[in-house]
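1. what follows is a predicted protein model with its sequence.
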Amino acid sequence: MYPFKYQKAATVRGAVSLLKKAEEPKLLAGGHTLLPTMKQRLASPKTLIDLSAAGLSGIEQKGRSIVIGAMTTHAEVANSPVVQQAIPALAKLAGHIGDPQVRHRGTIGGSVANNDPAADYPAALMALGAVVHTSKRKIPAEEFFAGMFSTALDEDEIITKVAFPIPSKAAYVKFPNPASRYAIVGVFVAKKGSNVRVAVTGAGSNGVFRHEAMEQALAKRFNPKSLEGIATPAADMNGDIHASADYRAHLVGVIARRAVAAATA
Amino acid sequence: MPTVTLTVNGRSVTADVDSRTLLVQMLRETLHLTGTHVGCDTSQCGACVVHVDGKAVKSCTTLAVQCDGASVVTIEGLAQDGKLHPMQEAFREHHGLQCGFCTPGMIMSAVDIVNRKGIVDEATIREELEGNICRCTGYHNIVRAVEAGAKAMVSGTPVRQAAE
Ligand SMILES: Cc1cc2nc3c(=O)[nH]c(=O)nc-3n(C[C@H](O)[C@H](O)[C@H](O)COP(=O)(O)OP(=O)(O)OC[C@H]3O[C@@H](n4cnc5c(N)ncnc54)[C@H](O)[C@@H]3O)c2cc1C
Ligand code: FES
Ligand code: FES
């Protein structure tokens, strides 16, 4: 790691003003993506602004939404009775990120801001139609994720919370990389009234995406059988040492059927 | 240099450290608590697991400055009055180690599992040990040790007696 100056922000406003004036700043949440990247010298911020004391953690139900503070850890989401009751699929997703130690430190804000193409949360945000609240504005998930490792966030913008509308049915199934537990393919399906959304993470060559052909078929009949014969073009898939593009395209179909089955079980 | 104050194994310690100092470096190099190991240094293996404010974390992926004011428990903090912690005793009794390199992290994770979940079955133990890698044992005896250690922790009955 290259040297940096460490600063702890006491409020979101304080963090924003540090972001604006500090030299080459970067926000620090759980550090479970950022610190490994800094160790490899792939990132070398001159200032780290720690958000842990900025009052950004917590979970509450507001009307028909579950609102989760950016600094809430994966373990807190997984174990929250509020989340377990309202969106069990989301609690389950959080409970299968990495391992217990990663879940004790990693946060939803860090995961969403990082937008790793193999991360789990982006699929939940897209399928549930979540809204990302920031220090400046509210951004619908669809506009927030802007391709691999890139988001709509400005340089001086901080995620404060994520609001998830409560679906009538939902499930997330992940085919994890056996070593890292990141998704090789992860599919989140959600049904709210007659509206069905299917979001795929881990597979797409441009990060998380919605599978519209599947959504249309499932809107007619919400059943795994409705997905039979729906192809996923391999040309749009990522291929790497973990899985080829063809294999990922095939897995999207398999995992989506399992997710619909789990949502209707 | 930032000043970091921690309560380590019940004792308050203060040190001036570079911002870059990882928690594991502060424990090993500043405080000479070398029971916490570094296996991978990339947050995969779990050899560096310690408890920060009661939660198991990988100390190779945590800055010391992030822990300012926190209470840290390391493997050295488990034994009380010269008596091994029930989980340590269970690892000894069930031969849950060979070279011992992964053991401090395994035991700190195991104690965390029991703190969170109480008595646990084999499947849960295997799933919960996801973040701890052992190159020697094949895990079988580690899982048996955690099972026995969990029972001893929860019931307060010593492992040896329980094993007989
Ligand atoms: C061994 C291991 C296994 C893992 N397995 C999985 C897995 O299976 N699935 C999965 O999804 N993830 C996995 N992860 C990633 C993990 O979930 C990370 O914790 C997460 O991606 C980043 O969250 P963080 O809080 O650690 O963020 P940090 O590392 O602190 O920050 C990540 C980035 O987000 C920015 N940032 C942080 N908070 C904010 C904010 N509030 N507003 C704006 N920008 C912000 C930071 O500046 C930084 O660029 C794994 C990580 C490890 C080490
Ligand atoms: S040394 Fe920390 S996880 Fe391997
Ligand atoms: S006993 Fe040797 S690594 Fe586990």
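-> Arrived safely. Ligands and ions are numbered 1, 2, ... in the order given.
2. the strands in the chain, which residues?
-> Just going to use chain A. Assigned by DSSP state E, the strands in chain A fall at A:5-8, A:25-28, A:47-50, A:59-62, A:65-69, A:131-134, A:138-140, A:159-165, A:169-176, A:183-192, A:195-201, A:209-210.
3. meant chain B actually
-> B:3-8, B:11-16, B:49-52, B:55-58, B:71-73.
4. can you say which of those strands is packed in most?
-> Among these, ranked by average contacts under mean count of other Cβ atoms under 10 Å in any protein chain shown, first place goes to strand B:55-58 (a mean of 27). C-beta coordinates here come from the backbone N, C-alpha and C atoms, glycine included.
5. is it positioned near ligand 1?
-> No: judged by Cβ under 6 Å from any ligand atom, strand B:55-58 stays clear of ligand 1, getting no closer than 7.6 Å.
6. before we move on, the earlier item: make CSV out of the strands of chain A and add distance to residue B:119 and mean neighbour count.
-> Output for the strands of chain A, formatted as CSV (distance: least, Cβ to Cβ, whole Å; neighbours: other Cβ atoms under 10 Å in any protein chain shown):
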stretch, distance to residue B:119, mean neighbour count
strand A:5-8, 39, 18
strand A:25-28, 37, 22
strand A:47-50, 37, 22
strand A:59-62, 28, 14
strand A:65-69, 31, 22
strand A:131-134, 40, 21
strand A:138-140, 45, 15
strand A:159-165, 34, 22
strand A:169-176, 27, 23
strand A:183-192, 32, 27
strand A:195-201, 35, 25
strand A:209-210, 43, 18
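7. quick one on the thing from earlier: got the strands of chain B as a markdown table, with distance to residue B:130 and mean pLDDT columns?
-> As requested, these are arranged in a markdown table below (distance: least, Cβ to Cβ, whole Å; pLDDT from 0 to 100):
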| stretch | distance to residue B:130 | mean pLDDT |
| --- | --- | --- |
| strand B:3-8 | 27 | 98 |
| strand B:11-16 | 31 | 97 |
| strand B:49-52 | 12 | 98 |
| strand B:55-58 | 12 | 98 |
| strand B:71-73 | 21 | 98 |
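8. go through the ones you listed and name the closest to residue A:234.
-> Checking the strands of chain B against residue A:234 by Cβ to Cβ gives strand B:55-58 as the closest, at 36.3 Å.
9. returning to what we had before: can you list the strands of chain A in TSV and add mean pLDDT?
-> What follows is these, written out as TSV (pLDDT from 0 to 100):
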stretch	mean pLDDT
strand A:5-8	97
strand A:25-28	98
strand A:47-50	98
strand A:59-62	98
strand A:65-69	98
strand A:131-134	98
strand A:138-140	98
strand A:159-165	98
strand A:169-176	97
strand A:183-192	98
strand A:195-201	98
strand A:209-210	97
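10. reformat the ones you listed as CSV; add distance to residue A:152.
-> Listed next are the strands of chain A as CSV, based on distance: least, Cβ to Cβ, whole Å:
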stretch, distance to residue A:152
strand A:5-8, 25
strand A:25-28, 16
strand A:47-50, 20
strand A:59-62, 23
strand A:65-69, 19
strand A:131-134, 8
strand A:138-140, 5
strand A:159-165, 11
strand A:169-176, 23
strand A:183-192, 20
strand A:195-201, 17
strand A:209-210, 16
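11. for residue A:250, which of those is the nearest?
-> strand A:183-192 (9.2 Å).
12. which other helices and strands contact the closest one?
-> helix A:88-94, helix A:121-128, strand A:169-176, strand A:195-201, helix A:245-264 (3 or more Cβ pairs under 8 Å, 6 or more residues apart in numbering or on different chains; DSSP states H and E).
13. closest to residue B:77 out of those?
-> Ranking these by distance to residue B:77, with Cβ to Cβ as the measure, places helix A:88-94 first at 29.3 Å.
14. tell me the confidence at the residue of chain B found nearest ligand 1?
-> In chain B, the residue that lies nearest ligand 1 is residue B:43 (3.9 Å; Cβ to the nearest ligand atom). Per-residue confidence (pLDDT) for residue B:43: 95.
15. mind checking how far it is from residue A:100?
-> Residue B:43 is 13 Å from residue A:100, where distance means Cβ to Cβ, to the nearest Å.
16. residue contacts, the residue nearest to residue A:98 when sequence neighbours are not counted?
-> Distance criterion Cβ to Cβ, 6 or more residues apart in numbering or on different chains; nearest residue to residue A:98, sequence neighbours excluded, is residue A:181 at 5.2 Å. Residue A:181 is in contact with A:96, A:97, A:98, A:99, B:130, counting by Cβ atoms under 8 Å, 6 or more residues apart in numbering or on different chains.
17. tell me the residues of chain B that contact ligand 1?
-> Counting by Cβ under 6 Å from any ligand atom, chain B comes close to ligand 1 at B:43, B:44.
18. could you measure from the spatially most central residue of chain B over to residue B:152?
-> For chain B, the residue nearest the mean C-alpha position is residue B:108 (2.0 Å; Cα atoms, centre = their mean). Distance of residue B:108 to residue B:152, given as Cβ to Cβ: 16 Å.
19. so the residue of chain B closest to ligand 1 makes contact with residue B:62?
-> No: Residue B:43 is beyond contact range of residue B:62, at 9.5 Å (criterion: Cβ atoms under 8 Å).
20. tell me how far the nearest residue to residue A:141 once chain neighbours are set aside lies from residue A:220.
-> Sequence neighbours aside, residue A:125 is the residue nearest to residue A:141 in space, at 4.0 Å (criterion: Cβ to Cβ, 6+ apart). According to Cβ to Cβ, residue A:125 stands 25 Å off from residue A:220.
21. looking at the two, which one has more neighbours?
-> More neighbours surround residue A:125 than the other of residue A:125 and residue A:220, with 28 against 10 (other Cβ atoms under 10 Å in any protein chain shown).
22. and residue 111, what does it touch?
-> The chain I'm using is chain A. With contact set as Cβ under 8 Å, 6+ apart, residue A:111 has these partners: A:33, A:74, A:97, A:119, A:120, A:121, A:122.
23. right idea, wrong chain: chain B
-> Residue B:111 neighbours (Cβ under 8 Å, 6+ apart): B:51, B:56, B:78, B:85, B:87, B:149, B:153.
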